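**Student:** okay, sequence plus prediction incoming.
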Amino acid sequence: MALLAFLAVQFRLERVLPPGEVVVSAAIPVPAEPERELSLPPMLALSDMSPSTAEVVLAINRLGAIHREPILASMYRHLAHWPAYLALVWTVLAPLKLDRRLDRAIEDAIAQARARAWPLVAQLPTSLPAIRAATARGVSRSIDRFTGAVIAKMVVICSMLRQITDS
């Protein structure tokens, strides 16, 4: 949901029009009862991890990253309580990065999310408060760091990890 919501705001800020084949519908129904929240272990700071665990966390975080200095995904800080699991994560993801399957999956996730964000755009106000164009571009670039570089990557990686963990 965060990926779709950020994309919708980004589209509105950039005044992007939906592609011709996209049908934008009316309001999206929202469930009356929110899903039960998943309890997560506390996030560890890199300085609270052993040096080898911190190294693995940073190495995994670089997989699928498009920026030289990627934002550290919070999931790895939660998983740092289980260094052996992080080693398994590396062994699963590294070959997928090497043969570009991970990159293609992330690109596909971004494309799907962009297509699915349009119904949310339709629910945003059509006129935005008066903000300077430079401010809108800055906000849009900041959102893009998350939508294109962190959230889409983690949607793919978490889905893969869930599949291998559930089996």
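**Tutor:** All right, it came through fine.

**Student:** so Thr135 versus Ser142, what's the distance?
**Tutor:** Distance from Thr135 to Ser142, counting by Cβ to Cβ, to the nearest Å: 11 Å. C-betas here are computed from N, CA, C, even on glycine.

**Student:** what comes up buried for the helix or strand where Thr91 lies?
**Tutor:** If you go by DSSP states H and E, Thr91 is part of helix 83-98. The neighbour-count check on helix 83-98 (16 or more other Cβ atoms under 10 Å) flags 83, 86, 89, 92-93, 96 as buried.

**Student:** how confident was the prediction at the closest residue to Leu96 other than its chain neighbours?
**Tutor:** Nearest residue to Leu96, sequence neighbours excluded (Cβ to Cβ, 6 or more residues apart in numbering): Leu102, at 4.1 Å. With respect to pLDDT, Leu102 scores 95.

**Student:** now do the one 5 residues further on
**Tutor:** We note a pLDDT of 93 for Glu107 in this prediction.

**Student:** and it, how many neighbours?
**Tutor:** 15 (other Cβ atoms under 10 Å).

**Student:** now it: how far from Asp48?
**Tutor:** Counting by Cβ to Cβ, the gap from Glu107 to Asp48 is 34 Å.
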